[in-house]
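>>> Got a predicted structure plus its sequence, pasted below:
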Amino acid sequence: MTQRNWVNYRPDIKILDCTIRDGGLINDHFFEDNVVQAVYDACVAGGVDYIEFGYKGSRKIFTGDKFGSWKFCDEDDLRRVVERNPAPISIAVMADAGRTDYHTDILPREQSAIDCIRVACYIHQIPLALDMIKDAVDKGYETMMQLMAVSTVSESELRAALESAAQSEAEAVYLVDSFGALYPEQVRDLTRMYLEMVKGTGKEVGFHAHNNQQLAFANTIEAIVNGANRLDATMSGIGRGAGNCPLELLIGFLHNPKFWIRPILECVRDVFVPMRNEMEWGYNICYAVTGQLNQHPREAIEWLRGQTPDDYVAFYDRITEEDS
């Protein structure tokens, strides 16, 4: 009798494509409609469960001349894309705690093209995030909580935060490696902790990786093996700084007939290969340094925009001097 591969029989696994949302952090969310449409169509054809278009950013904080449409995800912009080809894929946006006018800018579900609100917060913003989740649920949305930068949080604080998340109305809680600092054994232990803390609540656990140390794919596998079933990925790994887990690698690993890799490869070929001539993302030694030091990649991003982007030694000396 042939032994079954356990991965093939995880129908609970759901993929969220955050290509436009995380990729938008590179170009200030100025994606043309044809790019967004191509990503949407590929996700639909590939059987992806969620597509995240961008943020519900506050116009009191972010101005429209400095940011593109997908910083705000207004209904007219969303409907230009999704109403051409309505499909059984859930439309998600991210609402950052402290950066979203959620009471007014997130409409009641019946008035919106959006299905799911992902609330992103840091540890000190948990009370605000819980109120945002309640507001979204009361309006009829599915919700998920993204607790960011957990590599910088003590275990006791993290457990307290997860206890609050477990009591919330969010349907899923995400483990987020914001700085690309985590190693597989840490992802294993954290995934098990998250599952332990939400046990009995019906909530699911997700994972969002960054590729600073070229571990985004490996860490996503580790999260899957240990029970996470909500998985973030982007086409060609596009995303802030070092980028994210590549969607084409994740689908190839799962070997799940629910997902189809060919439309994703077509989109990578037609959209993201040419885009690399205009935008840069992915692994770089500067990002590896910030990941190893468990630091936000903002200094690496600025260094790579400067006059000596390939002088990794100078960058290392600078950032370690600041850290000492």
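That came through fine.

>>> Just the pLDDT at residue 3, thanks.
Listed pLDDT for residue 3 reads 44.

>>> same question but for residue 96, I mixed them up
Residue-level confidence at residue 96 comes out at 97, pLDDT.

>>> helix or strand for the closest residue to it other than its chain neighbours, which one?
Sequence neighbours aside, residue 120 is the residue nearest to residue 96 in space, at 5.0 Å (criterion: Cβ to Cβ, 6 or more residues apart in numbering). In short, each C-beta sits where N, CA and C put it, glycine included. For residue 120, the host element (DSSP states H and E) is strand 116-121.

>>> how close does residue 263 get to residue 310?
Here the criterion is Cβ to Cβ, to the nearest Å. By it, residue 263 lies 36 Å from residue 310.

>>> same deal with residue 14?
Distance of residue 14 to residue 310, computed by Cβ to Cβ: 40 Å.

>>> re the thing from before, direction included, what does the strand holding residue 120 pair against?
strand 90-96 (parallel), strand 142-147 (parallel) (DSSP bridges).

>>> Nearest to residue 175, out of the ones you listed?
Smallest distance to residue 175 across those (Cβ to Cβ): 7.6 Å, for strand 142-147.

>>> which residues are contacting the closest one?
90, 92, 94, 115-123, 126, 129, 133, 136-137, 158, 161-162, 165, 168-176, 206, 208, 230 (Cβ atoms under 8 Å, 6 or more residues apart in numbering).

>>> rewinding a little: for the record, mean pLDDT for the strand holding residue 120?
On average, strand 116-121 scores 98.

>>> Please spell out which residues along it are buried.
For strand 116-121, burial by neighbour count (16 or more other Cβ atoms under 10 Å) applies to 116, 117, 118, 119, 120, 121.

>>> Reformat those residues as JSON lines; add distance to residue 279.
Converted to JSON lines, the buried residues of strand 116-121 look like this (distance: Cβ to Cβ, whole Å):
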{"residue": "116", "distance to residue 279": "27"}
{"residue": "117", "distance to residue 279": "27"}
{"residue": "118", "distance to residue 279": "24"}
{"residue": "119", "distance to residue 279": "28"}
{"residue": "120", "distance to residue 279": "23"}
{"residue": "121", "distance to residue 279": "28"}
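
>>> Thanks a lot, see you next time.
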